[in-house]
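> Model the following, please.
(chains A and B)
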Amino acid sequence: MYFVRGRKVGPCCVLLRGSRPAERTNYGRLRNFSRPADYFCWLNPIGKPMSVRRSSVAALLASQELDREVLVKGWVRTRRGNKFVQFIAVNDGSTIHSIQVVANAETFPEEKLKAEGVENGAAVAIRGTLVASQGKGQTVEIQATDIEVYGAADTTTYPLQKKGHTLEFLREIAHLRPRTNTFGAVLRLRHALAFAVHQYFNDNGFFYVHTPIITGSDAEGAGQMFRVTTLPEQNPPLNEAGQVDYGQDFFGKATNLTVSGQLEGEIAAMALGKVYTFGPTFRAENSNTARHLAEFWMIEPEMAFYDLQDNMDLAEDFLKYLVRYALEKCQDDLKFLTEHYDKELLTRLQFVVDNDFQRLTYTEAVDILKSAKQKFEFPVDWGTDLQSEHERYLVEKHFKKPVILTNYPKDIKAFYMKLDEDGRTVRAMDVLFPGIGEIIGGSQREENLEKLQQRMQEMHVPEEDLWWYLDLRRFGSAPHAGFGLGFERLVLFVTGMANIRDVIPFPRFPRSAEF
RNA sequence: GCUUCCUUAGCUCAGCCGGUUAGAGCAUCUGACUGUUAAUCAGAGGGUCCCUGGUUCGAGCCCAGGAGGGAGCGCCA
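Here you go, the predicted structure:
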């Protein structure tokens, strides 16, 4: 039994008179009661309004259950109105959509809302009634009964305005850009794709292995590496030759951040069958493009008993699964990105899901490029690597679909790729996507010890550093294959963003490691 | 690393042939407005013209060097 204004009331629902929050429907229900009342309220044992569980904006917007008390917490996107009614758009990141909060100006006059800081950017908690919206543009809204400001945001200094910002400007305020519609959408998509990666592999019998981030081998030749050391910056110990003596370093040898988990992935594949890695990767190259990062995330499946054909089948099925997953789970975000950044995005994604990738050999591609009417800045010649313009021609002009190129000349590919019978080409495969270029690079691996050793000698890869890698060919060697998928390039493709720095929360690139 | 373009108000950008007090839209602030959708309308405030040096009677504008950013290329995922 509780007491309200000295009166005994029911166990938790009380009827109150006087000025009431704008809960029309609740008021209507109260007319069934015999006593006169203006509104009801659920109270806790100490007479305070009972706590309502917080709902996400996504859940409220999808709710069919109206005329109930709700609690939402989030950040104000806009506030507007007049001396009769105030509108507050609240977004909590659960969806790209904001929920409209309607505040009766009798209870919440504009001056009061301003004074408390209910403005663009503020963090707020709003209690009220979920009702059908009177206005156009949304089906439900919240009639506010209580507004609490957790943290105000000074309108004169808060960098995010109620207007569009350029992506370049937002890059300078990476700590605030997740609060924008665009980055909310990108980050939700990024999450969905990461989750889908694990889902796909788990459903298909792959095991997730953690390959090292600090590595002692500088062997793969995948590019410049970041050095990892605890030696003092000033006057590090020197060896007899006058060079830095890494024998005295933390690991007793020179170490770097990984440029690929592939070689270690092969170890796991030769035991567990089908494995994948999904982790950060570091390249210290001075790459200044919209497709490169110094720190990025790479997915590298590696499969025992797979040949190049199996590898291609997996890559295509995997990519289609990921795109399909995004199309199913992130409709609202993709719709937003299509409308604001890339009008062709949704049709392009659907096209990738619906159509087979074009598969052809490097040699066939060179023939096509040589007979192309288009003039290229760089000439096409068998034996040289294809330029971006050549890849773009094949994907965007000639085939107009994703392309898998295979069997590249051995001299332009890595030492571990399996040599073809002709001895001129290797069983490599690159998956080329429109706008992105190479999204996947992979190969069947050379499992023959002698052939692998010969390739290593030809390409000056030191055998002593990779004794363990060669052991895999000495003991129970088997055909196997794998590939690397640059996660950010996938996100780039699926979101329709133009710059890879806009699909990772905190991009790392030359001269930039802020945040 | 190479090529090229850019840097003017909080943001996005104009700024003529080198010439008086550097402008607009949005944002901000003030006021008006009975349900708005990046609300609308009226008014106000707001500038190290990226930095350094030079040419000139005079530089936002021309020249040199530096810094930062974009796009393209290379390296690759």
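
> near RNA strand B, which residues of the stretch 101-250 of chain A?
A:102, A:110, A:114, A:119-120, A:133-138, A:141, A:143, A:155-156, A:159, A:161-166, A:168-169, A:171, A:222-223 (C-beta under 7 Å from any atom of the strand). Any C-beta I mention is one placed from the backbone N, CA and C, and that applies to glycine too.

> From those residues, which land in helices?
A:110, A:114, A:168-169, A:171 (DSSP state H).

> was I right about residue A:93 contacting residue A:77?
No: counting by C-beta atoms under 8 Å, residue A:93 stays clear of residue A:77, with 11.3 Å between them.

> tell me which of the ones in helices among the residues of the stretch 101-250 of chain A next to RNA strand B is nearest to RNA strand B?
residue A:169 (3.6 Å; C-beta to the nearest atom of the strand).

> Distance check, that closest one against residue A:357.
Distance, residue A:169 to residue A:357, using C-beta to C-beta, to the nearest Å: 37 Å.

> all strands for the stretch 301-450 of chain A, in order.
With strands called from DSSP state E, counting those that start in this stretch, the stretch 301-450 of chain A shows them at A:358-361, A:403-409, A:425-433, A:437-444.

> hmm, who's touching the last one?
This points to strand A:437-444. A:291, A:306-308, A:311, A:315, A:319, A:388, A:391-392, A:413-414, A:416-418, A:426-433, A:479-486, A:489-490, A:493 (C-beta atoms under 8 Å, 6 or more residues apart in numbering).

> Report the closest residue of the stretch 1-150 of chain A relative to RNA strand B.
Counting by C-beta to the nearest atom of the strand, the stretch 1-150 of chain A gets nearest RNA strand B through residue A:135, at 2.5 Å.

> Verify the stated contact: residue A:74 with residue A:89.
No: with contact defined as C-beta under 8 Å, residue A:74 does not reach residue A:89; the gap is 9.4 Å.

> Least confident secondary structure element in chain A?
One helix or strand of chain A scores below all others by mean pLDDT, DSSP states H and E: helix A:24-30, with a mean of 34.

> Buried residues in stretch A:464-476, which are they?
For stretch A:464-476, the neighbour count (16 or more other C-beta atoms under 10 Å) marks A:466, A:469-470, A:472-473 as buried.

> coming back round to it: quick check: neighbours shared by residue A:74 and residue A:89?
residue A:98.

> So for stretch A:91-109, mean pLDDT?
Per-region confidence: stretch A:91-109 scores 95 on mean pLDDT.

> Quick check: end-to-end length of that stretch?
End-to-end distance of stretch A:91-109 (C-alpha to C-alpha, to the nearest Å): 22 Å.

> Near the residue lying closest to residue A:352 once chain neighbours are set aside, how many other residues are there?
Sequence neighbours aside, residue A:323 is the residue nearest to residue A:352 in space, at 5.3 Å (criterion: C-beta to C-beta, 6 or more residues apart in numbering). For residue A:323, the count of nearby residues is 21 (other C-beta atoms under 10 Å).

> what do you get for the one 5 residues further on?
The criterion is other C-beta under 10 Å. On that basis, residue A:328 has 10 neighbouring residues.

> go on, residue A:390?
Residue A:390 - counted by other C-beta under 10 Å - has 23 other residues nearby.

> how near is it to residue A:422?
With C-beta to C-beta as the criterion, residue A:390 and residue A:422 are 23 Å apart.

> what do you get for residue A:129?
When residue A:129 is compared with residue A:422 (using C-beta to C-beta), they lie 75 Å apart.

> Neighbour count for those two, which is higher?
residue A:129 (22 against 8).

> That one pairs with what?
Here residue A:129 sits in beta bridges with residue A:69, residue A:143, as judged by DSSP bridges.

> for residue A:432, same thing?
Under the criterion used (DSSP bridges), residue A:432 bridges to residue A:403, residue A:438.
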